[in-house]
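> My questions are about this predicted structure, shown below with the sequence.
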Amino acid sequence: MRNPLNWDYLNAPLWDTPVWGPFSIAFVALCGIGFVASLLVYYDVGRVSRRYPVARTEIQRAAAIAAVLFGLGLFFFSFRFLHVSAFGFYKRFWLYLVLLALLTEAAYYIWWARTVYPAKVRAAAAEALKQRYLQPVSSGRRRGARRRKRSQSRERVRS
C-alpha cells in the first residue's frame, strides 16, 4: 500500500487503484451506519428530545448535518464502486474530504457539549426556578367564591 496522504494516490485514476481495501470497507461501513443512525436521531425515533429538551434543536441540527455528510460519503463511494469517472467524483480525495468534514463536525459538537450545553442547562434551570416563584399564590379562597359583605353592626362598632 502506498502513502494514503500522497497527492498522486488521492487523485489516482480509477483503473490504477483497487476499489476495495481496508480504508474503503471501514469508510462504507461508517457512512452506512452513520447515515441510518443520523436519520433515526433526526426523526427522534429514540425519543432523545424528551430526555434532553434543552439540546433538542442542536441535536437535530447535528443529525441533519451528519446525514448530509454521510450521504455525500456514500455518494462519492458509489462513483468509485460503479467505476463512473464523471466529474472526478471517483477520486479518493473526496472520501478524505468527507471524513475530514465528519471529524470537524464531531470536534465541534464535543466542544459544544463541554462548553455551551452546561451553560444552557444552568440558564434553563434558573428560568424554571424564576417561573416557579412568579406563579400567583392562592389566597385560601376557592375560585369564584364571593366575598361576604360585612354586616352593618360591625361597621358601627368600628366607627
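The structure has been received and is ready for your questions. Computed from a prediction, not measured in an experiment: that's the story for all the values here.

> roughly how far apart are the residue nearest the centre of the chain and Thr104?
For the chain, Ile59 is the residue whose C-alpha lies nearest the centre (CA atoms, centre = their mean; 2.2 Å). For Ile59, the distance to Thr104 (CB to CB, to the nearest Å) stands at 18 Å. In this view, the C-beta of every residue, glycine as well, is placed from N, C-alpha and C.

> Longest helix in the protein, please.
When the chain is scanned for its longest helix (criterion: DSSP state H), the result is helix 92-134.

> So the residue nearest to the centre of the chain sits against Tyr52, correct?
Yes - counting by CB atoms under 8 Å, Tyr52 is a contact partner of Ile59 at 6.7 Å.

> among the helices and strands of this structure, which has the poorest mean pLDDT?
Using mean pLDDT, DSSP states H and E, helix 152-158 stands out as the lowest-scoring helix or strand of the chain, at a mean of 58.

> pLDDT weak spots in this protein?
1, 3, 5, 7-11, 46, 137-159 (pLDDT under 70).
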